[in-house]
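**Q** Here you go, sequence then predicted model.
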Amino acid sequence: MNGQDTIAAPAISAPWSLRDKVAFAGVGTTRYGNFPETDSYGLGCEALNAALDDAGLRPSDIDGLIVNRIPSYERFAEMMGVNPQYCLLTEAPGRFSGVSLALAMQAIATGAAKTVALVYGNNGRSVRMMYGGGDSQWSPWGMTSPGAVHAMMWRRHMHDFGTTHADLGPVSVAFRKHACLNPDAVMHGKPITLEDHAKARPICEPLKLLDYCLINDGAVAWILTSAERARDLRRPPVLVSGYARQDRFSYGSAPADDYWYPTLSACRSVYDRAGFGRDDVQGLGIYDNFSPTVMFSLEGLGFCGQGESGDFVRDGTLELGTGRWPTNTSGGHLSDSYMQGWGIIGECVRQLRGDCEGRQIPDARAMQYICATHIAQSILFRRDDA
């Protein structure tokens, strides 16, 4: 097993140069579901218009544009009536939500752009997109989908640490509970129990239906600008206090038999960069393409020891109202919508602005995003007055 390998976290000898320099000024989302009457361009325009309205800005105020899962930034810019001096189309995998955020921060910090719109549009459900199969990157190893990869990783975790499929149940149940508090969630009004999780239809052993993310249409847009400028706009700014990333591709085409533990552990440098620690965070946003990914994220960032995530989540730790670490309060990918990290980051921002009504974390001052993959990332956000 490669779990004993380590990647040293970068030493932080001085405050991170981008700490609290860039802020979210606006967030916009669409409905989530099945919308064959439109496409990723139409959905993206809807989300960006909502974000502009949220921030109190006009299309002409946007001088930077990053799009994801929208085929052409040129066509999208034309449709929205924006003429940015900085534009980019980023790769489709969900890890690029965090990567896109970092690129926007760098553009603002270097003066390449002052106000960047980041737009994700996905019509995967209406076009019946297949995530896996065919000529997928995992085919040489007999893997035909991301689900198969994560199933094998959790099987390995079960073998190494004695965890079980039942240990995943509290993750799925907590996120569905949150979706039932979120009127915009795809699975709103459809609660589940641990028994439902255990009896769900097997998909790829040991994972079952309720361990898999949703597939749906929708879009998310963020508007980022300098913290100084954001303070003059319509909504309270949410600051990006820390960002950490570690890449590793020795398992780029096969299951990670170390559960991305070295890369995730290296991302603990995010606390030094942000200037505050884990205990100062009130809630989490964790990339949950599959329920085991949440467990790997909690272990990698040090919320519990390696192999201890089953015990850690068992008693409602991730649930609003009862748990210390309310996680994916919109319902996440498992129960809100599969917006590949974009919606989860948007939910962190909304929590810090106090916009979440029945699913609001009381006095949320700081939130943490975690993405477990071979481009591992963690981001810390805080209220401007925190």
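**A** Done, it's in.
**Q** Just the helices from the stretch 101-250 of the chain, written as ranges.
**A** 146-161, 169-179, 194-199, 227-230 (DSSP state H, counting those that start in this stretch).
**Q** can I get those helices in CSV with distance to residue 28, mean neighbour count and mean pLDDT?
**A** Placement of C-beta: from N, CA and C, glycine included. As requested, those are exported to CSV (distance: least, C-beta to C-beta, whole Å; neighbours: other C-beta atoms under 10 Å; pLDDT from 0 to 100):
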stretch, distance to residue 28, mean neighbour count, mean pLDDT
helix 146-161, 28, 20, 94
helix 169-179, 20, 26, 98
helix 194-199, 33, 14, 98
helix 227-230, 16, 17, 98
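**Q** Ok, which of those comes nearest residue 261?
**A** Residue 261 lies closest, by C-beta to C-beta, to one member of the helices of the stretch 101-250 of the chain: helix 146-161, at 10.5 Å.
**Q** Residues contacting the closest one, please?
**A** 1, 3, 131-132, 138, 143, 163-165, 168, 203-207, 212, 254-257, 259, 289-290, 292-293, 295-296, 306-308, 310 (C-beta atoms under 8 Å, 6 or more residues apart in numbering).
**Q** which residues sit in contact with the most centrally placed residue in the chain?
**A** By C-alpha atoms, centre = their mean, the chain has its centre lying nearest to residue 341, at 2.7 Å. The contact partners of residue 341, by C-beta under 8 Å, 6+ apart, come to 94, 95, 97, 98, 287, 369, 371.
**Q** Do you know the pLDDT at the third one?
**A** The reference is to residue 97. Per-residue pLDDT puts residue 97 at 97.
**Q** Neighbours of it, how many?
**A** 27 (other C-beta atoms under 10 Å).
**Q** next one: phi and psi at it?
**A** phi -60, psi -50 (degrees, to the nearest 10).
**Q** Out of the contacts of residue 341, which is nearest to residue 245?
**A** residue 98 (7.3 Å).
**Q** How much space separates that closest one from residue 347?
**A** Separation of residue 98 from residue 347 (C-beta to C-beta, to the nearest Å) stands at 14 Å.
**Q** Tell me which of these two has more neighbours.
**A** Counted by other C-beta under 10 Å, residue 98 and residue 347 do not tie: residue 347 has more neighbours, with 29 against 26.
**Q** mind showing which ranges of this protein have poor pLDDT?
**A** 1-14, 127, 129-143, 251-253 (pLDDT under 70).
**Q** got the residue ranges for the strands in it?
**A** 22-29, 64-68, 86-90, 115-122, 202-204, 207-208, 218-226, 238-247, 283-286, 366-371, 375-383 (DSSP state E).
**Q** Serialize those to TSV and add fields for distance to residue 104 and mean neighbour count.
**A** Putting those into TSV (distance: least, C-beta to C-beta, whole Å; neighbours: other C-beta atoms under 10 Å) gives the following:
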stretch	distance to residue 104	mean neighbour count
strand 22-29	7	27
strand 64-68	6	27
strand 86-90	9	18
strand 115-122	4	29
strand 202-204	35	17
strand 207-208	34	23
strand 218-226	5	28
strand 238-247	9	23
strand 283-286	18	26
strand 366-371	15	27
strand 375-383	12	25
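**Q** As a markdown table, those with distance to residue 355 would be great.
**A** Output for those, formatted as a markdown table (distance: least, C-beta to C-beta, whole Å):
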| stretch | distance to residue 355 |
| --- | --- |
| strand 22-29 | 9 |
| strand 64-68 | 23 |
| strand 86-90 | 26 |
| strand 115-122 | 19 |
| strand 202-204 | 34 |
| strand 207-208 | 33 |
| strand 218-226 | 14 |
| strand 238-247 | 10 |
| strand 283-286 | 13 |
| strand 366-371 | 13 |
| strand 375-383 | 12 |
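**Q** So which of these is nearest residue 264?
**A** Nearest to residue 264, of the strands of the chain and by C-beta to C-beta, is strand 375-383 at 4.8 Å.
**Q** Which elements pack onto the closest one?
**A** In terms of contacts (3 or more C-beta pairs under 8 Å, 6 or more residues apart in numbering; DSSP states H and E), strand 375-383 is packed against helix 96-110, strand 238-247, helix 261-266, helix 270-274, helix 342-353, strand 366-371.
**Q** CA atoms of that strand as CSV?
**A** Extracted in CSV, the C-alpha atoms of strand 375-383 (Å, rounded to 0.1, in the frame of the first residue of the first chain):
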residue,chain,number,x,y,z
ILE,A,375,-5.6,17.1,-7.9
ALA,A,376,-6.4,17.4,-4.2
GLN,A,377,-7.6,20.8,-2.9
SER,A,378,-8.9,22.6,0.2
ILE,A,379,-10.2,26.1,0.4
LEU,A,380,-11.1,28.2,3.4
PHE,A,381,-13.7,31.0,3.2
ARG,A,382,-14.6,33.5,5.9
ARG,A,383,-17.1,36.3,6.5
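**Q** Okay, now the sheet partners of it, with direction.
**A** Counting by DSSP bridges, the strands paired with strand 375-383 are strand 238-247 (antiparallel), strand 366-371 (antiparallel).
**Q** now that strand, how far from the centre of its chain.
**A** Relative to the centre of its chain, strand 375-383 is centred 9 Å away, using C-alpha atoms, centre = their mean, to the nearest Å.
**Q** So what's the residue count around the nearest residue to residue 271 once chain neighbours are set aside?
**A** Spatial nearest neighbour of residue 271, chain neighbours left out: residue 277 (4.9 Å); criterion: C-beta to C-beta, 6 or more residues apart in numbering. Neighbour count of residue 277, defined by other C-beta under 10 Å: 13.
**Q** now residue 277: how far from residue 299?
**A** Distance from residue 277 to residue 299, by C-beta to C-beta: 18 Å.
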